[in-house]
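Asker: Sequence and predicted structure are below.
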Amino acid sequence: MIISAADAAGKLGGTVNGNPGETLSGISDLKGAKEGDVSFILDAKHAGEALKSAAKVIISDSLDSLPGKTVIKVKNARLAYIGAIKLFFPDRQREGFISDRASVSKKASLGKNVVIGDFAVVKDGVVLGDGVLIGDGAVVAENCRVGSGSSVFARVTLYPGTVIGERCIIHSGAVIGADGFGFVENEGSIVKVPQTGNVLIKNDVEIGANTTIDRAAFGSTIIGNSCKLDNLVQIGHNVELGDGVIIAAQTGISGSVKIGNGCLIGGQVGFADHITVGRSVKIGSQSGVSKDTPDGAVISGTPARPLMEQRRTEAYAGKLGELFKRVKAIEADAGKPEDKK
Amino acid sequence: MIISAADAAGKLGGTVNGNPGETLSGISDLKGAKEGDVSFILDAKHAGEALKSAAKVIISDSLDSLPGKTVIKVKNARLAYIGAIKLFFPDRQREGFISDRASVSKKASLGKNVVIGDFAVVKDGVVLGDGVLIGDGAVVAENCRVGSGSSVFARVTLYPGTVIGERCIIHSGAVIGADGFGFVENEGSIVKVPQTGNVLIKNDVEIGANTTIDRAAFGSTIIGNSCKLDNLVQIGHNVELGDGVIIAAQTGISGSVKIGNGCLIGGQVGFADHITVGRSVKIGSQSGVSKDTPDGAVISGTPARPLMEQRRTEAYAGKLGELFKRVKAIEADAGKPEDKK
Amino acid sequence: MIISAADAAGKLGGTVNGNPGETLSGISDLKGAKEGDVSFILDAKHAGEALKSAAKVIISDSLDSLPGKTVIKVKNARLAYIGAIKLFFPDRQREGFISDRASVSKKASLGKNVVIGDFAVVKDGVVLGDGVLIGDGAVVAENCRVGSGSSVFARVTLYPGTVIGERCIIHSGAVIGADGFGFVENEGSIVKVPQTGNVLIKNDVEIGANTTIDRAAFGSTIIGNSCKLDNLVQIGHNVELGDGVIIAAQTGISGSVKIGNGCLIGGQVGFADHITVGRSVKIGSQSGVSKDTPDGAVISGTPARPLMEQRRTEAYAGKLGELFKRVKAIEADAGKPEDKK
């Protein structure tokens, strides 16, 4: 697609400062931009990079103009650059297509414009909403439900009874609804606790590649609306995530943990089981969260502590050598026998 | 299924205190229970929750009676509630079924009542015992053996020569037998060490979703009887797990590590390669195990230390600020120039 | 295959000290060796184990002879044992074979001797070089390119536009090219940033089982020549790995991180986003790398510090109890009121 700066500004709700007739054929970050790309700066401090960029047209909410560039001034550059991406990479309207190489049960119910790829499996009792995509090689087991507009990409597994809301994206290799990890010891032998529940994913959720979400022992493991889980995340049985929880890659959430709305969780974080984390908690990467955490806390480290406390502890730890020396000097002044170590 | 409290008690080897005619149609934890569900308490301290639960019938080994409830008194509530789950969710007897959409080699040997799902691949020389399930889209490569009663769920990969014992459960997405991670540097280039061994999984093992177990360089990577591995666990080449080792999610075990019988390993633990861990060792989540560890040790932290030592170290670390102040005060009293920092 | 020690030595560029007529039918490490196996020692300190081994013929670069054994003396034992493995496990020459159960687009371009397994999917615009393997159930989406001699094993997913070089090995379950993890908050709602780029993997790269590599937001996520990634590794969008970077299992690299040539990265390491790591940096397992790191650094811990500093800090931490006692003793000597805690 080719579009003028003026037309782009119109579609993005912005105004042009510079050459409104500049033609745009793509979008890129500043570094990778080719001539003809529109680019963007999210912070005025990147003005220098913008000047060096090959992009002639820059989207900004902080700068009105840039020497030698045409600026599309907008209210929110982050939203505007997403809008600009969609100009050049428009969402494709799905036309229904069911591969004759798929295995689709006659006892499944399919909405309009459903796409089912090669070697996908859709079993008895499955209900797929309008416009659902089931990718190549994906397995949708008995009695799963997938809401309208959701995409279950290639080689995802949905175990029986999994429920997925509307407009969700489940990336390739994710496994939703495998058994929770529950065992009972009995006189030296290890007895499996049957996992009778399911997984319930609400609307507008994105689940990363090869992420695993276990079914509940009883009831449902719940992923709230608009949660975004990165790749290789582990969600244990009976976990309940509120709405808008964002979880970076390789984090693991143990069984029966409850996490409030709007939490922001870094990568490689671990959680002890059965704890409750409040709303809008921010958790640093690689933290180990060992206990209940109040609303709004900002925590880090293992065991996780308030961020400022954790930073102070780290700073002190870095000065321990000095402290040992100081104590030794005091002891020497006091005529104490030298520390033997 | 509908069953009376008396009949349920009979099947669970317990006795009824209350209304033996109470009808039961399901099982749930206390919180999720609906009327008609039997529930359970594993500890008398949950009596309060039991009273509030909608469940009219409670399985317990600690309490004889609860006001307003019917109690099924048993010897071991953990085993009894597993028994009760199986009343309502009985193991289905498998009837043999081989999808005509599967690709099954004529040079494979199949036991009785084998189930092979859609788009599953079973290659030359594979031997499947009686009642084995190969799920949809699973790939069982050349010369693999899967013992009687084992379930290889959807989209599992077994690389050539993998051996799996009886009554095992391999969850979706697991990859068993990929190459171990072995390379040799040679004048700046990196040469792959061919991995000639296989993976040997004994009986009654459960492997979580998207877990990976690498083949040995020589010989076998061994997973002992009754080991239970959670999701996203990594087992390196030539690792040997004894019997009954339990490993929580996202733990990684480096090459040639040996772990004794009955070890209990938390989530996100890492192990240095070539170390030996004794029997019945307990390892806290996120630990980094860097050296040989004796039988019965309880360790935690990075590097992993005895738990009590680790807790003390953490407690001391939390009081470092105070210690710095005290040392400063001593120095001031001694007329020392103030610490410049 | 049966080969004499003399012939093996000839093929490995070594000389025989002992019985050149000794027949060899396999290769093993010292412990697992059976009579008839050739084995090897990589360090003279293993001479004792070699003496006890059932192997009659030992490859060594450090020892000329061993009592009762025949030694094949070579210049580089690591390379020679790889060579010996290849004598007994020769690389099989691929003959072209396209399963009639695969789904291969007529708009894909296939080189000579391509192998495509059962239920594999090769979409429009895909280009496969000579001798490429696409394993059973693998999905190669639109416009991917896979270079000559590369193996894309069973159940790998390549998202659209992924480019893989020559002689690469992609293990089962890997997902290459899923969306990067990018979201923008807008008045309480979470807006997905479309990920328009791709993944570019250069030559001689090995990617472990169930590893995930995300596509770039713009441009390419780049994996340099001869990089070796273990299982369950996560590579975020716009990461750039130089040549010869080796990454152990379960490490996660956040978005836009740049890593120089020849870095050696342990398992379960995490990286803050947008940082730059120089060349030939060595990073200990479970480290958290939080900032730019110069060429040649050897770092460890969270936050990662120079290894010696990290070790000292750990040693000091282990002696904190002693330090608290010493400070208390000084205070007592000075007649200070006892610390209340």
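Answerer: Yep, that arrived. Residues are numbered from 1 along each chain as shown, chains lettered A, B, ... in the order given.
Asker: only C-alpha atoms for contact and neighbour calcs from this point on.
Answerer: Fine.
Asker: what's the offset of stretch A:20-28 from the middle of its chain?
Answerer: On the basis of C-alpha atoms, centre = their mean, to the nearest Å, stretch A:20-28 is displaced by 30 Å from the centre of the chain it belongs to.
Asker: Please disregard the earlier target; I meant stretch A:58-77.
Answerer: Worked out by C-alpha atoms, centre = their mean, stretch A:58-77 lies 29 Å from the chain centre.
Asker: List the contacts of it.
Answerer: With contact meaning C-alpha atoms under 8 Å, 6 or more residues apart in numbering or on different chains, stretch A:58-77 is reached by A:5, A:9, A:12-20, A:22, A:38-44, A:47, A:50-51, A:55-57, A:80-81.
Asker: Just list the residues touching the residue in the stretch 1-150 of chain A that chain B sits nearest to, thanks.
Answerer: Here the stretch 1-150 of chain A gets closest to chain B at one residue, residue A:119, 6.5 Å apart by C-alpha to the nearest C-alpha. Residue A:119 makes contacts with A:99, A:101-103, A:136-138, B:119, C:119, as judged by C-alpha under 8 Å, 6+ apart.
Asker: Can you report phi and psi for it?
Answerer: When read as degrees, to the nearest 10, the backbone of residue A:119 gives phi 60, psi 20.
Asker: now the one 5 residues further on
Answerer: Torsion angles at residue A:124 (phi, psi; degrees, to the nearest 10) stand at phi -60, psi 140.
Asker: if we can go back for a sec, which of the contacts of stretch A:58-77 are close to chain C?
Answerer: Restricting the contacts of stretch A:58-77 to those touching chain C (C-alpha under 8 Å from any C-alpha of the partner chain) yields no residues.
Asker: if I look at the residue of the stretch 1-150 of chain A closest to chain B, how far off is residue B:167?
Answerer: Distance, residue A:119 to residue B:167, using C-alpha to C-alpha, to the nearest Å: 28 Å.
Asker: Those residues of chain A touching chain B, which are they?
Answerer: Checking chain A against chain B by C-alpha under 8 Å from any C-alpha, the hits are A:103, A:119, A:121, A:137, A:139, A:155, A:157, A:173, A:175, A:178, A:181, A:184, A:186, A:189-190, A:193-194, A:196, A:210, A:212, A:218-219, A:232, A:234, A:250, A:252, A:270, A:288, A:312-313, A:316-317, A:323, A:326-327, A:330.
Asker: Pull out the buried residues from those.
Answerer: Buried residues within the residues of chain A next to chain B, counting neighbours by 16 or more other C-alpha atoms under 10 Å in any protein chain shown: A:103, A:119, A:121, A:137, A:139, A:155, A:157, A:173, A:175, A:178, A:181, A:190, A:193-194, A:196, A:210, A:212, A:218-219, A:232, A:234, A:250, A:252, A:270, A:288, A:313, A:316-317, A:323, A:326-327, A:330.
Asker: shaky segments in chain A?
Answerer: A:336-341 (pLDDT under 70).
Asker: Break it down into its domains, please.
Answerer: A:3-88, A:97-308 (automatic domain parsing).
Asker: about what we covered before: looking at the contacts of stretch A:58-77, which are in helices?
Answerer: Residues of these located in helices (DSSP state H): A:5, A:9, A:12, A:47, A:50-51, A:80-81.
Asker: In helices, which of the buried ones among the residues of chain A next to chain B appear?
Answerer: Counting by DSSP H, these contribute A:313, A:316-317, A:323, A:326-327, A:330 to helices.
Asker: Intersect those with the contacts of chain C.
Answerer: Near chain C, by the rule C-alpha under 8 Å from any C-alpha, you find A:317, A:327 out of these.
Asker: The ones in helices among the buried ones among the residues of chain A next to chain B: which two are farthest apart?
Answerer: Farthest apart among those by C-alpha to C-alpha are A:313 and A:330. That separation is 23.5 Å.
Asker: Tell me if I'm right that residue A:12 and residue A:82 touch.
Answerer: No - taking contacts as C-alpha atoms under 8 Å, residue A:12 lies outside contact range of residue A:82: 9.5 Å.
Asker: Which positions in the stretch 201-341 of chain A make contact with chain C?
Answerer: Applying C-alpha under 8 Å from any C-alpha, one finds that the stretch 201-341 of chain A approaches chain C through A:208-210, A:226, A:230-232, A:244, A:248-250, A:267-268, A:285-286, A:317-318, A:320-321, A:324, A:327, A:331.
Asker: before we move on, back to that, among the contacts of residue A:119, which one sits closest to residue B:146?
Answerer: For these, the nearest to residue B:146 is residue B:119 (18.2 Å; C-alpha to C-alpha).
Asker: just to revisit the earlier point, for the residues of the stretch 201-341 of chain A next to chain C, which ChimeraX command selects only the ones that are buried?
Answerer: To isolate the buried ones among those in ChimeraX, judged by 16+ other C-alpha under 10 Å, type:
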select /A:208,209,210,226,230,231,232,244,248,249,250,267,268,285,286,317,318,320,321,327,331
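Asker: Would you mind finding the most buried of the domains of chain A?
Answerer: Sort the domains of chain A by mean neighbour count, taking mean count of other C-alpha atoms under 10 Å in any protein chain shown, and domain A:97-308 sits at the top with a mean of 23.
Asker: what's the offset of that one from the middle of its chain?
Answerer: With C-alpha atoms, centre = their mean, you get 12 Å for domain A:97-308.
Asker: Which single residue of the stretch 51-200 of chain A ends up nearest chain B?
Answerer: For the stretch 51-200 of chain A, C-alpha to the nearest C-alpha, closest residue to chain B: residue A:193, 5.8 Å.
Asker: for that residue, phi and psi?
Answerer: Taking degrees, to the nearest 10 as the convention, residue A:193 sits at phi -90, psi 110.
Asker: wait, it sits on residue A:179?
Answerer: No - look at residue A:193 against residue A:179 with C-alpha under 8 Å: they stay out of range, at 9.3 Å.
Asker: got any residues that touch both of those two?
Answerer: By the contact definition C-alpha under 8 Å, 6+ apart, residue A:193 and residue A:179 are jointly contacted by residue A:217.
Asker: Run through the residues that contact the nearest residue to residue A:154 once chain neighbours are set aside.
Answerer: In space, residue A:154 comes closest to residue A:135 once its chain neighbours are excluded; the distance is 4.1 Å by C-alpha to C-alpha, 6 or more residues apart in numbering or on different chains. Counting by C-alpha under 8 Å, 6+ apart, residue A:135 touches A:115-118, A:120, A:151-156.
Asker: let's see it at 10 Å
Answerer: Shown in contact with residue A:135 (C-alpha atoms under 10 Å, 6 or more residues apart in numbering or on different chains): A:102, A:115-121, A:151-156, A:170-172, C:139.
Asker: now swap in residue A:88 and tell me
Answerer: A:1-3, A:24-27, C:196.
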